[in-house]
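Asker: Model the structure of this input:
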Amino acid sequence: MPLPSGLGIFPMNKICKNLVFILLSTIALAQNSQRQFIGFKSNPTNLEVSVSDGKYQIRFYNESIVETSFIPTGETFNPESHAVILAANQVKPSMKDSKDNIRYATSGVTVEIRKSPFQIKYWYKGKELLSEKNGYAKNPDLESINFNLSTDEALYGGGARVLGMNRRGNRLQLYNRAHYGYETKAELMNFCIPLVMSSKIYAVHFDNPAIGYLDLDSKKNNTLAYETISGRKTYQVIAGDSWEKLIENYTALTGRQPLPPLWAFGNFSSRFGYRDQEMAATTARQYKEKNIPVDAMIFDLYWFGKTIKGTMGNLEFDKENFPEPKKMLSDLNAQGIKPILITEPFILTTSKKWQEAVDKKVLATDASGKPFK
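Answerer: Below you'll find the model as predicted:
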């Protein structure tokens, strides 16, 4: 049968793809509508909200920081944080229950809990910051919590990476790994932080040490998602009146680095390896002879081994090339030069310390009790 005038042929594979997309979109949108509000309980320290697939625990640290934890049905809440040092409940929030919602509020941050369809929103002094999109979800590989984003907000954070300042559009792996020899792009750079900051001057800190991902709207559907293999489903929303105040609030939550000593701002003598004690002593002497100030000397990997590979984790001076390490360090200190030893927080199987570490059970182990290699 001929097609009516003006209609083209739409390929079947595109029809199928669009049907799949519509189906998946419908499922995603339905997740939150299927989460039903059951009831709530207000305690002196938190607000507990029961829903059809678990419960939320919401508590304030102060008027600028609120914490939300989701505990799925059948799981127990783990209250221990590896990151937070700030004491909670430094402010007494108000709670107002109505037919449609619950408002749990301070003079700064307000949490709005809509009962049907269920949704949690976060406000700061009358300005909406963000809201849960589908909230918590679990699939065979990952657990996730996702949020709605404004179309125009920029996203920062995630730790050390070479991706530009605005990291929206990226899916950032949460895994601490170096990228040697990077040039214009590096998706992982040493240390990650499960923290997202928005140009709307708020931040979300995901309080869970497990590996995972921060998806900063990589699918271009205005969604921020935290994905993890396991662990706590806990996050803190942090707000502020300015960028300076936002950083102040975040560092109050997780801790501030003490001011380094004066010498740490000085001139450091560093190279890829002082190969022996004599080389280090000669270098220090030459600085003094040429009247070049030097405050510290950095010893790279050769201090614990003669080769680049296979010796990390030895954690002691190579006695052949550094026969008198205590004297060397004492001499440097006497000259006002602070010695800094480079090391790595892991022990190779080829290290002299490997078997000792295994015997003393100081290594992380897998499910069978064997050390990770």
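
Asker: CA only for contacts and neighbour counts going forward, please
Answerer: Fine.

Asker: Provide the backbone phi and psi angles at the residue nearest to residue 206 when sequence neighbours are not counted.
Answerer: Take residue 206 and drop its neighbours on the chain: the residue closest to it by Cα to Cα, 6 or more residues apart in numbering is residue 235, 4.3 Å away. Dihedral angles of residue 235 (phi, psi; degrees, to the nearest 10) stand at phi -140, psi 150.

Asker: give the contact list for the residue nearest the centre of the chain.
Answerer: Nearest residue to the geometric centre of the chain (Cα atoms, centre = their mean): residue 194, 1.8 Å. Contact analysis of residue 194 by Cα atoms under 8 Å, 6 or more residues apart in numbering lists 158-159, 174, 205-207, 214.

Asker: For the helix or strand where it lies, which strands pair with it and how are they oriented?
Answerer: Taking DSSP states H and E as the criterion, residue 194 maps to strand 192-198. Using DSSP bridges, the strands paired with strand 192-198 in its sheet are strand 155-159 (antiparallel), strand 202-206 (antiparallel).

Asker: Need the pLDDT of residue 363.
Answerer: You'll see residue 363 listed with a pLDDT of 88.

Asker: is it true that it touches residue 357?
Answerer: Yes: Residue 363 is within contact range of residue 357, at 6.5 Å (criterion: Cα atoms under 8 Å).

Asker: State the distance from the residue nearest to residue 206 to residue 204.
Answerer: Distance, residue 235 to residue 204, using Cα to Cα, to the nearest Å: 7 Å.

Asker: for residue 132, same thing?
Answerer: From residue 132 to residue 204 the distance is 12 Å (Cα to Cα).

Asker: same thing with residue 108?
Answerer: According to Cα to Cα, residue 108 stands 16 Å off from residue 204.

Asker: Of these two, which one has the most company?
Answerer: Shown here are residue 108 and residue 204; by other Cα atoms under 10 Å, residue 204 has more neighbours (21 against 18).

Asker: May I have the beta-bridge partners of that one?
Answerer: Counting by DSSP bridges, residue 204 forms beta bridges with residue 196, residue 237.

Asker: can you tell me which residues contact it?
Answerer: Contacts of residue 204 (Cα under 8 Å, 6+ apart): 195-197, 235-238.

Asker: With respect to residue 331, which of the residues you listed is nearest?
Answerer: The nearest member of the contacts of residue 204 to residue 331, counting by Cα to Cα, is residue 195 at 43.4 Å.

Asker: Pull the contacting residues for the closest residue in space to residue 169 that isn't next to it in sequence.
Answerer: Nearest in space to residue 169, with sequence neighbours left out and distances taken as Cα to Cα, 6+ apart, is residue 218 at 4.1 Å. When contacts are counted by Cα under 8 Å, 6+ apart, residue 218 is found next to 168-171.

Asker: just the helices in the stretch 1-150 of the chain please.
Answerer: For the stretch 1-150 of the chain, the helices defined by DSSP state H, counting those that start in this stretch cover 12-34.

Asker: Can you list the low-confidence ranges for it?
Answerer: 1-33 (pLDDT under 70).

Asker: how does it look with 90?
Answerer: For the stretch 1-150 of the chain, residues meeting the criterion pLDDT under 90 lie at 1-34.

Asker: Please identify the deepest-packed of the strands paired with strand 192-198.
Answerer: Stretch with highest mean neighbour count among the strands paired with strand 192-198: strand 202-206 (a mean of 23; mean count of other Cα atoms under 10 Å).

Asker: Partner strands of whatever helix or strand comes next after that one, with direction?
Answerer: Next helix or strand after strand 202-206 toward the C-terminus (DSSP H and E): strand 212-216. Its sheet considered, strand 212-216 pairs with strand 171-174 (antiparallel), strand 223-228 (antiparallel) by DSSP bridges.

Asker: Please enumerate residues in contact with the strand ranked longest in the chain?
Answerer: For the chain, the longest strand by residue count, based on DSSP state E, is strand 127-138. The contact list for strand 127-138 (Cα under 8 Å, 6+ apart) reads 28-29, 31-32, 70, 119-123, 143-149, 200, 202, 223.

Asker: which among those end up buried?
Answerer: The neighbour-count criterion (16 or more other Cα atoms under 10 Å) marks 32, 70, 119-123, 143-149, 200, 202, 223 among these as buried.
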